[in-house]
Structures are given as structure tokens and as C-alpha cells.
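1. Structure for the following, please:
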Amino acid sequence: MPVPTVVLVVLAGLAALSLLKVLFDFAAKRLPHDTARFFRFPGPLSLLAAGLLAIALLVLAMSIPSFFSHVFPTCAFNKTWQSQSLLNLALIFVGAIAFAWLIARFQKDMWEFNGFGSKIFESSPAQPDTRIGTKWLVAFFMPVLPVRSYEVLGVQEVTWSSRAYALKPLDIIHWDQVRQTVRKHWWIYGLFLLATAGLIALSVLPCL
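-> Numbers count the residues shown, from 1 in each chain. This next block holds a predicted model:
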């Protein structure tokens, strides 16, 4: 499927989900507060960030067989990917990640939608009375890129799958906390590297 078609399909899906949010909000206004909180639904910007991350991951997956189709131009297995421009794929990937990062940077809300979006990760603070958290872009539940660090003043469970935070932004990203988050999720990064190695093998072995 051509990249522009994929992008249009994702954007159409986001438009449909945004309409669903309107319906959720309409229903929530007519329900008691304790019930209405379970109808919390992400806004258009949160959905857009999640969609951009999904596009970036899809383009990254497409770029691997496309790259090896240029390395092995005579291999019949990879000929279907030769029409994909590596430059276009790279520009779409970088643009999607950058736009999603900017949305997460300036948006107060966070939402992880089917494993994609933005999420606060906390770790053990240096001082017992101080909680530090960093907002990350998340793809397939994997912390991808740190966005901003905060002092966490309070947390409230909104639904079974989301929380509302009282946050005080820090001037810079708290890199010690970032490193702790990476260490805690080493197994997710390991699975991603294994999946990448498997995709490389599928692209190369039939041509050797």
C-alpha cells in the first residue's frame, strides 16, 4: 500500500475517533459524575499524536525491506518494495516523530491510546518527599522519546486505564529519571530489537 494511502487511512481513522469523542462527551454530560468519569476519551490532539506515532512505526517497518530492495535490486522477493523512496520514508518518519513530540510538549493532557501516545513514567526520587516523572512518547507501550520532566504533586485515578496528574514542570529534562526509565524497560527494547532483526532476516535471507 502506498505511503500516502496509509496516511489517509490513518487520518480517516482519527477523524472517526474524534467523532466518537464528541458522542462520549455528550453522554458524559448527562450522567452522574462518578459514572461520567468512565466516559473520558482522548481529544483530537492526543489522537493525532497517537496516529503520528503509529505512522512513524509503520514507516520504519516499511523502510527495512525497502532499503534491502535497493541493496539487492535483482532479488524478486524485494521487488515489491523498490517503488518506495527511502528519502520520502525518512522524511515522513522524522516529520511524524517531530510533530508528535511538539504536540506532547505543549499539551497538558496525556493519553496512551492502544499503546500509542504520551505517558508519565515515574521512578524512585533522590529525596523521599519529591516525586519526579517524565512525559514520554510511547509506541507499542514502549517509551520512545522523552518530552518533558515534572515534579509530580499528586495523582488521581480517572478510569482503570488513565490517571490525572498534578504536575509542576521542570526547566530541563531530568536525565537521571530518564535513564532509570530506560533501565526499567530494557526487556521491551530487547523485544523491539529482536523484531527488527527478524524483519531484516526476512528481507535478506531470500536474496542470499
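
2. Only C-alpha atoms from now on, for both contacts and neighbour counts.
-> Noted.

3. Show the end-to-end separation of stretch 80-91, please.
-> For stretch 80-91, the first-to-last residue distance is 21 Å (Cα to Cα, to the nearest Å).

4. Ramachandran coordinates for residue 110?
-> Per-residue torsions, residue 110: phi -130, psi 140 (degrees, to the nearest 10).

5. For the remainder of this discussion, apply numbering that starts at 39.
-> All right, first residue 39 from here; so that's residue 148.

6. Roughly how far does it sit from residue 141?
-> Distance from residue 148 to residue 141, by Cα to Cα: 10 Å.

7. list residues touching both of those two?
-> Shared contacts of residue 148 and residue 141, defined by Cα atoms under 8 Å, 6 or more residues apart in numbering, are found at residue 84.

8. In the chain, which strand is the longest?
-> Secondary structure of the chain per DSSP state E: the longest strand is strand 180-197.

9. Note down every partner strand of that strand and its orientation.
-> Paired neighbours of strand 180-197 in the sheet (DSSP bridges): strand 170-177 (antiparallel), strand 200-207 (antiparallel).

10. Can you flag the weakest of the ones you listed by average pLDDT?
-> Ranked by mean pLDDT, the strands paired with strand 180-197 end with strand 200-207 at the bottom, a mean of 74.

11. Which residues belonging to whichever helix or strand comes after that strand are considered buried?
-> Downstream of strand 200-207, the first helix or strand assigned by DSSP states H and E is helix 213-222. Using 16 or more other Cα atoms under 10 Å as the test for burial, helix 213-222 gives 215-216, 219.

12. model confidence over the longest strand of the chain, on average?
-> Mean predicted lDDT for strand 180-197 stands at 81.

13. On the pLDDT front, check residue 139 for me.
-> Taking residue 139 on its own, its pLDDT is 94.

14. And the next helix or strand past the host helix or strand of residue 86?
-> Secondary structure assigned from DSSP H and E places residue 86 in helix 82-109. Once helix 82-109 ends, the next helix or strand along the chain (criterion: DSSP H and E) is helix 124-144.
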